[in-house]
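Q: sequence isn't available, so here's the structure alone:
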């Protein structure tokens, strides 16, 4: 039985990856910062196994600033695979907390790699580093090639992306210096009903669900013309696993090859609840109205604009298709439908609990 060590337990990727690895009979060791709050909602269904003798899921506590604890953990567990998903991954927050972001996203990766090396596992342990497509920065239309791939130049546009660039290059450095199996996943946006509430897709689907249930009046957004490649997290964690099953380490761009605007995602989300929108004005003055009631449901708020933004990226994920034999199974429309329906069910359930006197916390309060 293989052993996998996964960081970043509370994120959507972690929960889907844990489900996949358990199906493949892995022994999973997950690491979590010790806090006074419970934030394991996404994986409660996994580790609450009534059959203790079948337990393949083990909790360890850690902190991104504690190198000694990580060295001890890696030496004790002796994992066959390490999936580094832990990060402060909110772009807007990274501008407010740049030093913390650099430490938890960049230097933290160095600490894990050193832990593997110090534990004498550099030849047996495979390491996966989660990176981000937005390292590429803006599209330069003067470049001779039209599509970004694994070897394209990078121009990060936020403290988060700068920290991720360091993490990716330190993984490459350890691969070349110590012959470690280190692979980087340069991923495009991937979403699911388990996405944090502060990310734009989940913010949209939650607002649509609340508007449908008369719990919210309006959705406030920014840059509706920004284009993104949105895939389903279920598809993307399968690519993670495939990367570490290869004979040689390598870097891969993972994407669906289809880009859509934030505006498209808003339209599709409202279509799922049978609301048709018509927009008026433009840019920061843009407003969207329900064509039946002419009530304003969507409005642009300049306070949400970032100091630097990436409006559009083109991508080339052919390497993942030819080497990993990976193809996405979900379309963005299917993803959008699943997220909207899940949020409607969630808020209906929450309202039922409130009617019975229970207090319901949202994900940001966990």
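A: Sure thing, it's come through. Quick caveat, the model's predicted, so the values are computed rather than measured.
Q: show the pLDDT at residue 155.
A: For residue 155, the pLDDT comes out at 82.
Q: ok, the nearest residue to it once chain neighbours are set aside - contacts?
A: In space, and not counting its chain neighbours, residue 155 is closest to residue 137: 3.0 Å by CB to CB, 6 or more residues apart in numbering. From N, CA and C alone the C-beta is placed, and that goes for glycine too. By CB atoms under 8 Å, 6 or more residues apart in numbering, the residues touching residue 137 are 154, 155, 156, 157, 161, 310.
Q: mind listing what the fifth one touches?
A: If I follow you right, that is residue 161. Neighbour list for residue 161: 91, 132, 134, 135, 137 [criterion: CB under 8 Å, 6+ apart].
Q: any weak-confidence spans in this protein?
A: 9-10, 33-55, 138-147, 304-314, 356-366 (pLDDT under 70).
Q: list the contacts of stretch 7-14.
A: Outside stretch 7-14, the residues touching it (CB under 8 Å, 6+ apart) are 6, 30-32, 39-40, 42-43, 62, 82-87, 89, 112, 130, 190-192, 194-196, 233, 236-237, 240.
Q: secondary structure and distance to residue 186 added to the contacts of residue 161, as TSV?
A: TSV is the format used below for the contacts of residue 161 (DSSP: H, G, I helix; E, B strand; the rest coil; distance: CB to CB, whole Å):
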residue	secondary structure	distance to residue 186
91	helix	16
132	strand	7
134	helix	10
135	helix	7
137	coil	13
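Q: quick one: which of those residues is nearest residue 73?
A: Of all the contacts of residue 161, the one with the least separation from residue 73 (CB to CB) is residue 132, at 25.6 Å.
Q: please enumerate the helices of the stretch 151-300 of the chain.
A: 159-178, 200-212, 233-243, 262-271 (DSSP state H, counting those that start in this stretch).
Q: so the last one versus helix 200-212, what angle?
A: Just to be clear, that refers to helix 262-271. Calculated by axes from the mean of the first three to the mean of the last three CA atoms, to 10 degrees, helix 262-271 forms an angle of 30 degrees with helix 200-212.
Q: buried set for the lengthiest helix in the chain?
A: For the chain, the helix with the greatest residue count under DSSP state H is helix 332-355. The neighbour-count check on helix 332-355 (16 or more other CB atoms under 10 Å) flags 332, 335, 336, 337, 338, 339, 340, 342, 343, 344, 347, 350 as buried.
Q: how long is stretch 219-228 from one end to the other?
A: Counting by CA to CA, to the nearest Å, you get 19 Å between the two ends of stretch 219-228.
Q: swap that for stretch 100-108, sorry
A: Stretch 100-108: ends 11 Å apart by CA to CA.
Q: off-centre distance for it?
A: In this view, stretch 100-108 has its centroid 16 Å away from the chain centroid, taken as CA atoms, centre = their mean, to the nearest Å.
Q: go through stretch 244-256 and flag the buried ones.
A: Buried, per 16+ other CB under 10 Å, within stretch 244-256: 244, 249, 250, 251, 252, 253, 254, 255, 256.
Q: any chance of the buried residues of helix 332-355 in TSV, plus distance to residue 181?
A: Shown next, in TSV, are the buried residues of helix 332-355 (distance: CB to CB, whole Å):
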residue	distance to residue 181
332	33
335	31
336	36
337	38
338	34
339	35
340	40
342	36
343	39
344	43
347	44
350	44
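Q: looking at these, which is nearest residue 297?
A: residue 340 (14.3 Å).
Q: any idea how far that closest one lies from residue 203?
A: Distance, residue 340 to residue 203, by CB to CB, to the nearest Å: 12 Å.
Q: before we move on, the earlier item: farthest-apart pair in the buried residues of stretch 244-256, please.
A: 249 and 256 (23.9 Å).
Q: and the end-to-end length of stretch 218-225?
A: 19 Å.
Q: strands of the stretch 51-200 of the chain, start to end?
A: 57-62, 81-84, 126-132, 181-187, 190-191 (DSSP state E, counting those that start in this stretch).
Q: neighbouring strands for the first one, and are they parallel or not?
A: Read that as strand 57-62. Next to strand 57-62 in the sheet, as set by DSSP bridges, lie strand 27-33 (parallel).
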